[in-house]
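Student: Quick check, what structure comes out for this input:
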Amino acid sequence: MADAPAAAGTDHRAAGYWTVPLVRAGVAVVPAVLITFTANHSPEFGLLVFGAFALVSGVIVAVLSRRTLADSRERSAFLVQGIAGVVAGALALAFHGGGLGFFLYLVTVWGIVTGSLELSSGIRARRRDPADRDWLVMGAATVLFAIVVLVLPPNVVVSVGLLGAYLVMLAVYLGIAAFSLKWAVAAAAETSVDSIHPAAPNDSDTQ
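Tutor: Purely as a prediction, here's the structure:
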């Protein structure tokens, strides 16, 4: 989760970044529930659910990260990540009748590209940004998800089910990470204020 020491160096712009993982978690909940409670795991259903998720999530990552991240390199990386999600989502929705092979190909490419970008952001921001650990975990988890989908024998029920499991993990982890980041930044801000304005000694301390 959020790294408290790194949060001490967070400026006012980055302090609002905790809303990004929170919104991402909320977006992942809907498709996760749909997949979990839908028995017909067809390729068309998988492409429609994945497409809607990737498209909305991509817009959120690109727009909100650009507004809340202070570092220009991080903003650029998440902008590219968001664009990749939008492109993958649009392709999935436009060609939702593409079949299982197209679903596997699109999910795998999306996972490797977006996961690698988020993982590299976490590595570059190590000990510098309070969200570095969350980027590392989510980037690695997304790449791992893509690899598992790639290497498993083609099976639409298993593949769409794996997408649902990934989305559940995404929603839970990012939801916790969002509030962990918010509290870490708030605690660092209080510590900074206390160090600048130390409490005045009382009468008993001066005697």
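Student: Could you use CA atoms for every contact and neighbour count after this?
Tutor: Fine.
Student: Can you show me the helices along this protein?
Tutor: With DSSP state H, the ranges of helices along the chain come out as 4-7, 19-36, 43-68, 72-94, 99-124, 132-151, 156-196, 203-206.
Student: from those, which stretch is densest packed?
Tutor: Across these, averaging neighbours per residue (mean count of other CA atoms under 10 Å) puts helix 43-68 on top, at a mean of 22.
Student: Who are the packing partners of it?
Tutor: Where contact means 3 or more CA pairs under 8 Å, 6 or more residues apart in numbering; DSSP states H and E, helix 43-68 is packed against helix 19-36, helix 72-94, helix 99-124, helix 156-196.
Student: Residue 52: which of those helices is closest?
Tutor: helix 72-94 (6.0 Å; CA to CA).
Student: ok and the closest one relative to helix 43-68, angle-wise?
Tutor: Using axes from the mean of the first three to the mean of the last three CA atoms, to 10 degrees, the direction of helix 72-94 lies 160 degrees away from that of helix 43-68.
Student: What angle do helix 99-124 and helix 72-94 make with each other?
Tutor: 170 degrees.
Student: what's the burial count for residue 38?
Tutor: 10 (other CA atoms under 10 Å).
Student: wait, what's in contact with it?
Tutor: With CA atoms under 8 Å, 6 or more residues apart in numbering as the criterion, no residue contacts residue 38.
Student: how near is it to residue 131?
Tutor: 34 Å (CA to CA, to the nearest Å).
Student: re the thing from before, least confident of the helices of the chain, on average?
Tutor: For the helices of the chain, mean pLDDT drops lowest on helix 4-7, to a mean of 47.
Student: backbone phi and psi for residue 98, please?
Tutor: Residue 98 adopts backbone torsions of phi -70, psi -10, taken as degrees, to the nearest 10.
Student: isn't it right up against residue 44?
Tutor: Yes. In this structure, residue 98 is within contact of residue 44 by CA atoms under 8 Å, at 7.4 Å.
Student: give the contact list for the nearest residue in space to residue 63 that is not next to it in sequence.
Tutor: In space, and not counting its chain neighbours, residue 63 is closest to residue 79: 7.4 Å by CA to CA, 6 or more residues apart in numbering. By CA under 8 Å, 6+ apart, the contact set of residue 79 is 61-63, 65-66.
Student: Reformat the residues you listed as JSON lines; add distance to residue 32.
Tutor: Compiled in JSON lines, the contacts of residue 79 are given as follows (distance: CA to CA, whole Å):
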{"residue": "61", "distance to residue 32": "19"}
{"residue": "62", "distance to residue 32": "22"}
{"residue": "63", "distance to residue 32": "23"}
{"residue": "65", "distance to residue 32": "23"}
{"residue": "66", "distance to residue 32": "26"}
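Student: Need the max-distance pair from those residues.
Tutor: 61 and 66 (8.0 Å).
Student: Spit out the residues that contact those two alike.
Tutor: 78-79.
Student: Please save the CA atoms from stretch 73-84 in CSV.
Tutor: In CSV, the C-alpha atoms belonging to stretch 73-84 read as follows (Å, rounded to 0.1, in the frame of the first residue of the first chain):
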residue,chain,number,x,y,z
ARG,A,73,7.1,11.5,-16.4
GLU,A,74,4.4,9.8,-14.4
ARG,A,75,1.7,11.8,-16.1
SER,A,76,3.1,10.8,-19.5
ALA,A,77,3.3,7.2,-18.6
PHE,A,78,-0.3,7.0,-17.3
LEU,A,79,-1.5,9.0,-20.2
VAL,A,80,-0.1,6.4,-22.6
GLN,A,81,-1.5,3.6,-20.3
GLY,A,82,-4.9,5.3,-20.5
ILE,A,83,-4.8,5.6,-24.3
ALA,A,84,-3.9,1.9,-24.6
